[in-house]
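[1] no sequence on this one, just coordinates:
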């Protein structure tokens, strides 16, 4: 079964924006055995959008629209789809009440224009939005399925999962797709590929895809089959030798990010963690605390961006800073020990480096980062030279610090 | 004049690929005064592509196709456009010679299938490709302009610059596009829109677009004109009354994010900042230090995720925590004062709240956040109730804290 996706919004037609919702939706549709055969981005023009909806629906039985459900004049998706299907828009008092209730809960007054969001295409089903005011809509029309979903990914994803996924699963002839995902730290994309390509290239089913972020590689396998055991056997055939090759560089087999994996290891060991950050400036703490329940194991963090705060907050000695510079192995070590002691934690990570673009007076080139991990017995420091701009160096550094901790926790078990 | 861009290739319809050629082309077209009104991605299906080319050309006088010019069976762009325009494909011996010559130069033998690349749409002009084998094509058809460009960006960009840009500049009436961007903190999208819609709705030029993130609203104006002064006057006509209405809720007129604006204000005043974060877990420090040169004004940060670290690192009193709870006005105040004193900074921000999903034993609902700002004279605390999930609450809280500081710095000047 074929699908098309239409992203609505003039801002999506500027040189700086890409439509990422369609990537998520494509992955979800593929899992259901649905093929995406075309995607489009259209501005906030009702008539043009209506025409493109009509054309897409004539070609493909599934059409998903994202965005343009807001309360303002330039949110035209509701009207355009109604026009394309030659249906009316009907005011729904129940939807308005839900929107008003949402505003009340947040202690705010609903603006009059939010009434626009309470209009439903005749015969459509409203899809509740827990994260925003715009309800989605599910419309069936002569054997075709149209979905109107909100643009913000945080609203779109739960709505698709809760309402569209199960409805589509009933409409689409069953074909099984099973996936497996390996996440790898501490290797570059081309190194991973060079190592594993001789294996995965032998198989066209499953399909293998490699995705790379700074210091974080994902290998995805997608198998098609008629039965579950058959799909799992296909995945196993390619994944098992790859897992054997990559060994403990694989940190996750269920999609969990590194901060979640590290959190689980800390919780299992009833251990606590403190961090001291210079060049990552809070990114490491931010990643650790993005996991719900992190307070069980995260004691606290220090962002010591100046020499002064390294001395005052972490107890790094002035002489050490003067002798070795702030970006050095002894200072990384002193930061980790200081953070561990002052936050009363079992483990501490410290990061000090030059994220760039300038060196800030340090004698090392931009991209140089020292990472330290301390526990009750020892403190280990590694030096790394990361590529890329300020943002990427910070990402690499945070990822590498988390992986240091993961390896230490694994070896301590 | 309007344009549409169609990217061709089934690989562009997978969950891991985005079409970035269209971003480059959009920037180039905008510079020529051409508006991109729709973009599409289509797989390697000749008939579907032909239909979409026909529909795009019926709507827009400029249609640019990227990709699908390779030598293999699944490279269908030439055939599809010929079909859409009802023209023949004509074999061009001169193109074949050029391709053969290219292979010779690289010391390789041309494969037989490369002959496919020597076919030109009847009446089209071939565009030489210095970086690859696939020539581009420029087709004029009843006042419309169609361009077939190769998919690899390294081939597409020089070809567009050398051949398409000057041809389009001759075809397109000279028109200029200028933009203006206002960024607003502390208001919801619908509140902003309700306030300013009566103004911007009076103008179709400039076009106004509103974008919303958690606690961060962007209003974009795009004006078309024949001359620079005319474009600026058009922007001024709508932006000036809107700026007057929104007043100091506008934090930026040049696209700068709030952390950059706050950084400039701190630097101007030679002031330093410390932060103490509970529920934002490092996000606030991370945003502040994402700006190059932040070490000039950022003294340091504390991520005090537990009661223990609030006491040990910030000097919050145990009695205060016991009496009011960690998520309370007095604790926010004590955190800000403690951070300011211990980091030796002029200003301090503190954030304590419940990001969710659970309340972690606090007596306030998820989304409740107290934000404090301290300077040498006073400490102000505000309480907010933010909507959304853990991630959004954290974003709202960090944005609101930065805006508190911005307002304090402005009033202190």
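    Here it is on my side, so go on. What you see is a predicted model, and the numbers here were worked out from it, not measured in a lab.
[2] what about residue A:127, distance to residue A:254?
    To residue A:254, residue A:127 is 28 Å away according to C-beta to C-beta, to the nearest Å. Any C-beta I mention is one placed from the backbone N, CA and C, and that applies to glycine too.
[3] Tell me which residues of stretch A:81-101 come out buried.
    A:81-85, A:87, A:89, A:92, A:95-96, A:98-100 (16 or more other C-beta atoms under 10 Å in any protein chain shown).
[4] Return the closest of these with respect to chain B.
    Taking C-beta to the nearest C-beta as the measure, chain B lies nearest residue A:99 of the buried residues of stretch A:81-101, at 10.0 Å.
[5] so the closest one sits in a strand?
    No - looking at residue A:99 with DSSP: H, G, I helix; E, B strand; the rest coil, it is helix, so not inside a strand.
[6] Settle this for me: residue A:85 is touching residue A:146, isn't it.
    Yes - if you go by C-beta atoms under 8 Å, residue A:85 and residue A:146 touch, sitting 7.5 Å apart.
[7] Now for the two: what residues contact both?
    A:53, A:57, A:139 (C-beta atoms under 8 Å, 6 or more residues apart in numbering or on different chains).
[8] Show me which of the residues you listed is closest to residue A:388.
    When the shared contacts of residue A:85 and residue A:146 are compared for distance to residue A:388 (C-beta to C-beta), residue A:53 wins out at 40.9 Å.
[9] Stretch A:126-137 - what's its average pLDDT?
    For stretch A:126-137, the mean per-residue pLDDT is 92.
[10] which residue sits closest to residue A:275, ignoring its sequence neighbours?
    Using C-beta to C-beta, 6 or more residues apart in numbering or on different chains and skipping residues adjacent in sequence, the residue nearest residue A:275 is residue A:301, 4.4 Å away.
[11] mind listing what that neighbour touches?
    With C-beta under 8 Å, 6+ apart, residue A:301 has these contacts: A:274-277, A:282, A:284-285, A:288, A:339, A:343, B:281-282, B:301-303, B:305.
[12] tell me the phi and psi of the residue nearest the centre of chain A?
    When C-alpha atoms, centre = their mean is applied to chain A, the residue found nearest the centroid is residue A:257 (8.8 Å). Note on residue A:257: its backbone torsions stand at phi -70, psi 170 [degrees, to the nearest 10].
[13] for it, what are its contacts?
    Going by C-beta under 8 Å, 6+ apart, residue A:257 touches A:183, A:216, A:287.
[14] and which of those residues is nearest chain B?
    Lowest distance from chain B to the contacts of residue A:257 (C-beta to the nearest C-beta) belongs to residue A:287, with 8.0 Å.
[15] Can you work out which other helices and strands pack against the lengthiest helix in chain A?
    What stands out as the longest helix in chain A, according to DSSP state H, is helix A:390-411. The contact analysis (3 or more C-beta pairs under 8 Å, 6 or more residues apart in numbering or on different chains; DSSP states H and E) places helix A:390-411 against strand A:176-185, helix A:258-268, helix A:283-289, strand A:347-353, strand A:368-374, strand A:379-385.
[16] Any chance of JSON lines for the ones you listed, columns mean neighbour count?
    As requested, the helices and strands packed on helix A:390-411 are arranged in JSON lines below (neighbours: other C-beta atoms under 10 Å in any protein chain shown):
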{"stretch": "strand A:176-185", "mean neighbour count": "19"}
{"stretch": "helix A:258-268", "mean neighbour count": "20"}
{"stretch": "helix A:283-289", "mean neighbour count": "28"}
{"stretch": "strand A:347-353", "mean neighbour count": "30"}
{"stretch": "strand A:368-374", "mean neighbour count": "26"}
{"stretch": "strand A:379-385", "mean neighbour count": "16"}
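[17] would you turn those into JSON lines with mean pLDDT?
    Shown next, in JSON lines, are the helices and strands packed on helix A:390-411 (pLDDT from 0 to 100):
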{"stretch": "strand A:176-185", "mean pLDDT": "89"}
{"stretch": "helix A:258-268", "mean pLDDT": "97"}
{"stretch": "helix A:283-289", "mean pLDDT": "97"}
{"stretch": "strand A:347-353", "mean pLDDT": "98"}
{"stretch": "strand A:368-374", "mean pLDDT": "97"}
{"stretch": "strand A:379-385", "mean pLDDT": "96"}
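[18] got the angle for the longest helix of chain A vs strand A:176-185?
    With axes from the mean of the first three to the mean of the last three C-alpha atoms, to 10 degrees defining the directions, helix A:390-411 sits at 90 degrees from strand A:176-185.
[19] Domains in chain A, by residue range?
    A:2-171, A:176-252, A:258-411 (automatic domain parsing).
[20] The residue in the stretch 101-250 of chain A that chain B sits nearest to: what's it in contact with?
    For the stretch 101-250 of chain A, the residue closest to chain B is residue A:111, as judged by C-beta to the nearest C-beta, at 4.3 Å. By C-beta under 8 Å, 6+ apart, the contact set of residue A:111 is A:71, B:188, B:190-191, B:193-194.
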